[in-house]
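[1] Quick one, what's the 3D model for this:
(chains A and B)
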Amino acid sequence: MKHHVMKGVVQTFWIVVVAVIAGSIVNLVRPAGIPFVGDWSPRAVTEMHAGELEVIHVDDAFALLSRHQALLIDAREPGDFMSGHIPGSTNITVENAAMHLEEVRAMLRTGKTLIAYCYDVDCPLAADLVKKLRDLGIGPVRVMPEGWAGWMDGGYSYE
Amino acid sequence: MSERLARVKAFQAFVGAARIALGAMFFYAGMTKIIDPAGFSLAVYNYHILPASLVNITAIILPWVEALAGACLVLGLWTAGGAMIISVLLFVFTAALGFNLARGLDIACGCFSSSPTAERITWWYLLRDGSLFVAAQMVFFADQGRFTVSAAKDMLHKGGS
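    All right, here's what the predicted structure looks like:
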């Protein structure tokens, strides 16, 4: 039994060594390779989710909202929207976006800045929603990357 | 053949089949992640367990460990090492899943697909990984080398002589 476990440990070591070498070499030579140490800062994650979309940060979003120049779209799950959201925001998820197209068009016609948000920096839902609307020819809608978590951290009011 | 011997043989065949099934599953799981390292790195990041500096290196190496350990089990080469690795991985995966389920994170599993929009984690995955862990333990302790490359070689050898 002891011998069997030792054999397992030695084989494990060599399998891991081969995996490290093979994984590293393949990652270095393939076009889809990624950096060995990635940039996972909030800024990089925002860039990854929102990419070419227009971004508005939480403080600027608050400033616009307090001057009545912004309308917010909450892309979170309805249950989370119900338990608290940014004042005046409308709940539109990626899944039910198609049912709200007229609503978004009407919001755009007010001339105010449309801003979508979801949970936090790591949440891709707001960016996904904006991309979906854009693909349907509706926009521009900006993304607030800090999301609901950033709004709460900023100490801004909610309803 | 005595009844007892028949039962032992049947059990060995069952363990051999379990070894191949478990290995094939891990080989497949590893390959789906090797194909898309950027997507898998995001899945690893979303678990919020590893420090950011270790996310990419994990996403680069871990799928290879899975695929190689899986291949070992399928071929019946280095079975002890393959089963040991898969046991440890399943233990770690189960712990990571359980931790994130308990703190209510709504994230993609990153189990058989690296897409962030794929299957969400649920308690069912915990049960699945727990059962697979038991299977991996059985393979580690009870596998007698049925249906392996060397067994096939032996059979060919005997047939030829």
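[2] going forward, measure contacts between C-alpha atoms and count neighbours the same way
    OK.
[3] Helix or strand with the lowest mean pLDDT in the chain?
    If you meant another chain, say so; for now it's chain A. helix A:42-50 (a mean of 88; mean pLDDT, DSSP states H and E).
[4] what helices or strands is that one leaning on?
    helix A:125-135 (3 or more C-alpha pairs under 8 Å, 6 or more residues apart in numbering or on different chains; DSSP states H and E).
[5] B:P63 contacts B:G30, correct?
    Yes: if you go by C-alpha atoms under 8 Å, B:P63 and B:G30 touch, sitting 4.3 Å apart.
[6] Mind listing the shared neighbours of those two?
    Common neighbours of B:P63 and B:G30, counting by C-alpha atoms under 8 Å, 6 or more residues apart in numbering or on different chains, are absent.
[7] domains of chain A?
    A:1-37, A:42-153 (automatic domain parsing).
[8] Please identify the most buried of those domains.
    Stretch with highest mean neighbour count among these: domain A:42-153 (a mean of 18; mean count of other C-alpha atoms under 10 Å in any protein chain shown).
[9] first vs last residue of it, how far apart are they?
    Domain A:42-153 has its terminal residues 15 Å apart, counting by C-alpha to C-alpha, to the nearest Å.
[10] distance between it and the chain's centre?
    For domain A:42-153, the separation from the chain centroid amounts to 10 Å (computed by C-alpha atoms, centre = their mean, to the nearest Å).
[11] Backbone dihedrals for the residue nearest to the spatial centre of chain A, please?
    For chain A, A:P124 is the residue whose C-alpha lies nearest the centre (C-alpha atoms, centre = their mean; 2.3 Å). Per-residue torsions, A:P124: phi -90, psi 0 (degrees, to the nearest 10).
[12] How about A:W151?
    Per degrees, to the nearest 10, the backbone of A:W151 is at phi -60, psi -40.
[13] you'd agree it is up against A:V58?
    Yes: checked against C-alpha under 8 Å, the pair A:W151 and A:V58 is within contact range at 6.4 Å.
[14] need the residues of chain A near chain B, please.
    For chain A, the residues in contact with chain B (C-alpha under 8 Å from any C-alpha of the partner chain) are A:4-5, A:7-12, A:15-16, A:19-20, A:22-24, A:27, A:32-40, A:122.
[15] one more time with 7 Å
    Within reach of chain B by C-alpha under 7 Å from any C-alpha of the partner chain, chain A has these residues: A:7-9, A:11-12, A:15-16, A:19-20, A:23-24, A:27, A:33-38, A:40.
[16] Among these, which are located in helices?
    Residues of the residues of chain A next to chain B located in helices (DSSP state H): A:7-9, A:11-12, A:15-16, A:19-20, A:23-24, A:27.
[17] got those as CSV, with distance to A:L129 and pLDDT columns?
    Compiled in CSV, those are given as follows (distance: C-alpha to C-alpha, whole Å; pLDDT from 0 to 100):
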residue, distance to A:L129, pLDDT
A:K7, 53, 94
A:G8, 49, 95
A:V9, 48, 96
A:Q11, 48, 97
A:T12, 45, 97
A:I15, 43, 98
A:V16, 41, 98
A:A19, 38, 98
A:V20, 38, 98
A:G23, 35, 97
A:S24, 36, 97
A:N27, 32, 97
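[18] what does the least confident helix or strand of chain A rub up against?
    If you take C-alpha atoms under 7 Å, 6 or more residues apart in numbering or on different chains as the criterion, helix A:42-50 is touched by A:121-122, A:124, A:127, A:145.
[19] got a list of what the residue nearest the centre of chain B touches?
    Nearest residue to the geometric centre of chain B (C-alpha atoms, centre = their mean): B:F26, 3.8 Å. Shown in contact with B:F26 (C-alpha under 7 Å, 6+ apart): B:66-67, B:70.
[20] Just the pLDDT for it.
    With respect to pLDDT, B:F26 scores 97.
[21] Same check on A:A70?
    pLDDT, A:A70: 96.
[22] Could you pull up the contacting residues of B:G110?
    B:40, B:43.
[23] Now do it against B:L42, distance only.
    B:G110 sits 9 Å away from B:L42, taking C-alpha to C-alpha as the criterion.
[24] re the thing from before, make JSON lines from the domains of chain A and add distance to B:G104 to it.
    Below are the domains of chain A laid out as JSON lines (distance: least, C-alpha to C-alpha, whole Å):
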{"stretch": "domain A:1-37", "distance to B:G104": "28"}
{"stretch": "domain A:42-153", "distance to B:G104": "13"}
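[25] closest one to B:F91 among these?
    Among the domains of chain A, the nearest to B:F91 by C-alpha to C-alpha is domain A:1-37 (15.4 Å).
[26] and residue 146, what does it touch?
    Assuming you mean chain A. A:57-58, A:120-121.
[27] could you do chain B instead?
    For B:R146, counting by C-alpha under 7 Å, 6+ apart, the contacting residues are B:12-13, B:16.
[28] Which of the residues you listed fall within helices?
    Here DSSP H is the test, and these give B:12-13, B:16 as lying in helices.
[29] What about chain A: which of these touch it?
    Of the ones in helices among the contacts of B:R146, not one also sits near chain A (C-alpha under 7 Å from any C-alpha).
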